[in-house]
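>>> Return atomic coordinates for the entry below.
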Amino acid sequence: MLKPQDLFVTLKIAVNSDWQYTYAELAGELVMSASEVHAAVGRAEMSRLLNRSDGMINVVKSALLEFLVHGVKYTFPPMIGGLTRGMPTTIFAPALKKYFMESDELPSVWPDPEGEVRGFSLQPLYHSVPMACRLDKKLYDLLTLVDALRSGAAREREIAETLLVEHMQ
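The predicted structure is shown next:
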């Protein structure tokens, strides 16, 4: 069964598809243990989001895109909480912010003690998402698009889907 950290690891591989990571390197960049990364890769392979050829791990982009667009909101539904300090996500993050007018609405944020924005908590796929996103802007953009698919209104999901297609090419 696919776990949220499996998608997190798969997305990291997807945004850096030109780089072949060791489990230890992936673990360091995702702030996870190497054994967690190894298990996540195995489950993602079983789910056909990743495949292995000639000893290299590759993303099955069509399957990943199909899962993100049609399944992620059901498999990993958004868990929205109270006010907290954190890192902006969904339409309040850089990847989507330019497509929406500013409002007085409090933003969605991943809870993060180092965050500089106050808003409503949206639980990330994995607890180390904010730390990993500070290290990799492309991963940050992709995860905020996924959050828009998980929790956004129709227009937000539509724009996120379009941008995901662009990212996957």
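>>> For the protein, which segments count as helices?
Under the criterion DSSP state H, the chain contains helices at 4-15, 23-30, 34-46, 61-70, 72-75, 94-97, 129-135, 137-151, 154-168.
>>> now those in a markdown table, with distance to residue 108 and mean pLDDT?
All C-beta spots, glycine's among them, are computed from the backbone N, C-alpha and C. Shown next, in a markdown table, are the helices of the chain (distance: least, C-beta to C-beta, whole Å; pLDDT from 0 to 100):
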| stretch | distance to residue 108 | mean pLDDT |
| --- | --- | --- |
| helix 4-15 | 17 | 96 |
| helix 23-30 | 22 | 95 |
| helix 34-46 | 25 | 97 |
| helix 61-70 | 18 | 96 |
| helix 72-75 | 14 | 96 |
| helix 94-97 | 11 | 94 |
| helix 129-135 | 13 | 96 |
| helix 137-151 | 7 | 97 |
| helix 154-168 | 10 | 94 |
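>>> Residue 87: which of those is closest?
helix 129-135 (4.6 Å; C-beta to C-beta).
>>> and of the helices of the chain, who's closest to residue 82?
helix 137-151 (15.4 Å).
>>> Indicate which one of the helices of the chain is closest to residue 81.
Among those, helix 137-151 sits nearest to residue 81 (C-beta to C-beta), with 12.1 Å.
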